[in-house]
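[1] Below are the sequence and a predicted model; questions follow.
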Amino acid sequence: MKISGEFEVKLNPIEAYAKGAEGISLNRMSIDKTFEGELNATSKGEMLSAMTPVKGSAGYVAIEQVTGTLSGKKGSFVLQHFGIMNKGDQKLILEVVPDSGTDELEGLSGKMAINIEDGKHFYEFKYEL
């Protein structure tokens, strides 16, 4: 299956355990999202990021638990993020954590892509259930 829609995201700083050195900024943030469309859900999670002194070079990892309905089926699942920026070139991987699906979403697997256009966030989710 392949679905798409829009989502809103709120990121808020959380006190970080590790502190960056030599121009590296290590950050920790909470994630709150609301998805619309065939994925009608909310999510909560946490992000860790590292910003380098080189403009456009950074990395982040995140985990978020998504709860709601996916194509009319109720449940939750966990998305894992891996993002790298190399002087502006981006690589972003979002995958469903295996065996994280609950209720009617048990057995879910898939990958999500995120696009930002004119300040709005959109998702494309390819999944199997």
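    Everything's here; your move. Numbering: from 1, shown residues only.
[2] What's the mean pLDDT across stretch 12-30?
    Computed over stretch 12-30, the mean pLDDT rounds to 90.
[3] go on, stretch 75-91?
    95.
[4] And for that stretch, what's in contact with it?
    43, 45, 47, 54-70, 92-97, 100-106, 108, 112 (C-beta atoms under 8 Å, 6 or more residues apart in numbering). Glycine gets a C-beta too; all of them are placed from N, C-alpha and C.
[5] Tell me the bridge partners for E117.
    K120 (DSSP bridges).
[6] Give me the pLDDT value at it.
    92.
[7] Ok, the one 5 residues further on next?
    Each residue has a pLDDT score; the one for F122 is 97.
[8] Is my assumption valid that G37 occupies a position in a helix?
    No - with DSSP: H, G, I helix; E, B strand; the rest coil as the criterion, G37 is coil rather than part of a helix.
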